[in-house]
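Engineer: Sequence and predicted structure below; questions after.
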Amino acid sequence: MSGGRLEVRLAGSGGQGLITGMRMLFRALALAGRRAAQSQSYEPTSRGGFCFSDLVVADDPADYPLAIRLDMMAALSQIGLDRSLALVKPGGLILVDARLVAEPPPSGFGARVLPMSDRAIALGSARVANVVALGALARLGRLCPPEALEEAVRLETPPKFAALNLAAAREGFALAAETTAAA
């Protein structure tokens, strides 16, 4: 990315750790020496309502810090996909959870249906699906080096959950590698 702007969204339902997850990616980008602005929105219901967190990544200071045309997105629920799809650029990268998104996006996008929540459950907690998604998104979108995301996960995670979240990020990296190899 040279002189450009890149817009990224993590979308889903309230309670999925989307805002926390995007803070991790924001920190990873800072550690990698990249500029970014982070924003979020959520419905007033604490669980189940539409929630998202965005990053605008730019080589130069962003003239407008909010996302308006997404280059890539990870959707961890059907409502997250449905309410965000209109903002994704044609050909944009969309990762959707195989178990939580019943209707994947139509053609015209670089859509990949991935077992993100299943991988999180296999690690021992569905609650880390957000971090699995981040790992996959960071690798497939070439957002930051894996080491930067791992360090950000360490810095943004309470110590008692650090090992699980690091395992989830690495699972996301592996999932992305498997997807790339299969393509």
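Structural biologist: Nice, I can see it. Residues are numbered from 1 along each chain as shown.
Engineer: wait, Gly4 sits on Asp71?
Structural biologist: No - using CB atoms under 8 Å, Gly4 is not in contact with Asp71; the gap is 9.3 Å. All C-beta atoms are positioned from the backbone trio N, CA, C, and that covers glycine.
Engineer: More neighbours: those two, which one.
Structural biologist: When neighbours are counted by other CB atoms under 10 Å, Gly4 and Asp71 differ, and Asp71 comes out ahead with 21 against 10.
Engineer: so who does the more buried one touch?
Structural biologist: Leu6, Glu7, Val8, Val88, Lys89, Gly92, Leu93, Gly141 (CB atoms under 8 Å, 6 or more residues apart in numbering).
Engineer: could you flag which of those are buried?
Structural biologist: Buried by 16 or more other CB atoms under 10 Å: Leu6, Glu7, Val8, Val88, Gly92, Leu93, Gly141, out of the contacts of Asp71.
Engineer: List the ones among those that fall in helices.
Structural biologist: Among the buried ones among the contacts of Asp71, no residue falls in helices (DSSP state H).
Engineer: distance of Pro90 from Leu25?
Structural biologist: According to CB to CB, to the nearest Å, Pro90 and Leu25 sit 24 Å apart.
Engineer: okay, those two: which has more neighbours?
Structural biologist: For Pro90 versus Leu25, the count of surrounding residues by other CB under 10 Å is larger for Leu25: 30 against 8.
Engineer: burial of the residue nearest to that one when sequence neighbours are not counted, as a residue count?
Structural biologist: Using CB to CB, 6 or more residues apart in numbering and skipping the chain neighbours, the partner closest in space to Leu25 is Leu134 (5.6 Å). Leu134 has 32 neighbours, counted by other CB under 10 Å.
Engineer: helix, strand or coil for Leu134?
Structural biologist: helix (DSSP: H, G, I helix; E, B strand; the rest coil).
Engineer: show me what contacts it?
Structural biologist: Neighbours of Leu134 in contact, by CB under 8 Å, 6+ apart: Leu10, Gly21, Met22, Met24, Leu25, Ala74, Leu149, Ala169, Gly172.
Engineer: still on that earlier bit, ok, so of the buried ones among the contacts of Asp71, who is nearest Gln16?
Structural biologist: Nearest to Gln16 among the buried ones among the contacts of Asp71 is Val8, at 16.2 Å by CB to CB.
Engineer: Need the per-residue pLDDT for that closest one.
Structural biologist: Here the pLDDT value assigned to Val8 is 97.
Engineer: Now do the same contact list for it.
Structural biologist: 25, 54-57, 67, 70-73, 137, 141, 143.
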